[in-house]
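sequence-free structure coming up:
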């Protein structure tokens with residue numbers, strides 16, 4: 001089947017599952033930035049509860065996770081999903097609890113958010129990711145809230161992400177850099193730069209859905225040249241940490257000055 005027929009088929013099938021109130025297509029396929037080999041990102045929105053076994057029973061090849069299987073903090077934002085092959089296409093299905101989504105929107109309007117660890121990500125991802133998904137969504141079944149980036153969130157999220165970045169940099173300088181532990185130091189610098197990228201994009205009011213193009217979107221690709229200078233000795237690593245701090249701080253200052 002062609003792409004539009006595929007989208008309609010998956011949307012209607014997922015929308016028929018018990019408890020599902022809405023289905024959306026997200027990611028690069030919804031934004032029009034996909035490559036030919038890009039996967040398909042679908043989200044199912046339910047209220048109250050959802051039984052992943054009903055998705056498993058559809059018989060699509062792949063892995064269907066339980067609620068909470070993608071995060072150590074279960075039944076909140078990143079509360080599980082499935083990696084499937086549907087009609088020969090690699091497809092992800094994310095579980096989204098509408099009660100949680102509505103609470104996140106209410107909190108974000110007042111500038112509040114939480115973060116959660118997620119597999120394959122350097123930094124914890126923010127609860128307002130569900131709003132970023134809604135902002136770029138293509139609704140296939142049901143209705144979903146429309147969102148804009150709250151002014152209070154721009155300020156508070158930028159401050160909080162930079163606070164975490166600064167803490168990572170302080171620790172990196174004091175311990176692994178001072179001891180010449182290259183890998184640990186570079187790992188912390190990667191985390192600090194990721195937090196800075198979140199801070200920069202929050203200051204600009206730009207939504208974040210994942211880390212794939214995070215550095216490029218925040219204008220932080222220059223970090224690669226700095227990291228490439230790393231040497232496993234204390235003096236070199238301490239200097240590197242200081243350079244990364246200066247680089248990240250300047251990028252954030254510039255983003256805040258744009259407003």
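Now that the structure is in, tell me what you want to look at. From a predicted model like this one, the values you see are computed outputs, not experimental measurements.

which residues of the stretch 1-150 of the chain fall in strands?
20-26, 40-46, 62-64, 81-86, 89-97, 115-116, 125-126, 138-141 (DSSP state E, counting those that start in this stretch).

buried ones in stretch 86-105?
Judged by neighbour count (16 or more other CB atoms under 10 Å), stretch 86-105 contains these buried residues: 86, 91-98, 100-101, 104-105. Where C-beta positions appear, they are placed from N, C-alpha and C, glycine not excepted.

Could you pull up the mean pLDDT of it?
The average pLDDT within stretch 86-105 is 94.

Report how far apart the opening and closing residues of it are.
32 Å (CA to CA, to the nearest Å).

Report pLDDT for residue 192.
At residue 192, pLDDT is 98.

Please tell me how far it sits from residue 240.
12 Å (CB to CB, to the nearest Å).

what's the spacing between residue 8 and residue 111?
In terms of CB to CB, residue 8 sits 39 Å off from residue 111.

returning to that earlier point: give me the more crowded residue out of residue 192 and residue 240.
residue 192 (27 against 22; other CB atoms under 10 Å).

got CSV for the strands of the stretch 1-150 of the chain, with distance to residue 34 too?
As requested, the strands of the stretch 1-150 of the chain are arranged in CSV below (distance: least, CB to CB, whole Å):
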stretch, distance to residue 34
strand 20-26, 11
strand 40-46, 9
strand 62-64, 20
strand 81-86, 16
strand 89-97, 11
strand 115-116, 26
strand 125-126, 21
strand 138-141, 12
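
which one of those has the lowest average pLDDT?
strand 115-116 has the lowest average pLDDT among the strands of the stretch 1-150 of the chain, namely a mean of 88.

Stretch 11-28 spans what distance, first to last residue?
17 Å.

meant to ask about stretch 201-217, not that
8 Å.

Equivalent analysis for stretch 141-150, please.
26 Å.

hang on, the earlier thing: compare residue 8 and residue 111 (neighbour count), which wins?
Each of residue 8 and residue 111 has its neighbours counted (other CB under 10 Å); residue 111 has more, 16 against 13.

List phi and psi for that one.
phi 90, psi 10 (degrees, to the nearest 10).

That one and residue 208, how far apart?
For residue 111 relative to residue 208 (CB to CB), the value is 16 Å.

swap in residue 147?
13 Å.

and what of residue 3?
From residue 3 to residue 208 the distance is 26 Å (CB to CB).

Compare the two (neighbour count), which wins?
residue 208 (20 against 11).

Take the buried residues of stretch 86-105 and write them to TSV, including distance to residue 15.
Listed next are these as TSV, based on distance: CB to CB, whole Å:
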residue	distance to residue 15
86	14
91	15
92	17
93	12
94	14
95	14
96	13
97	16
98	14
100	19
101	17
104	22
105	22
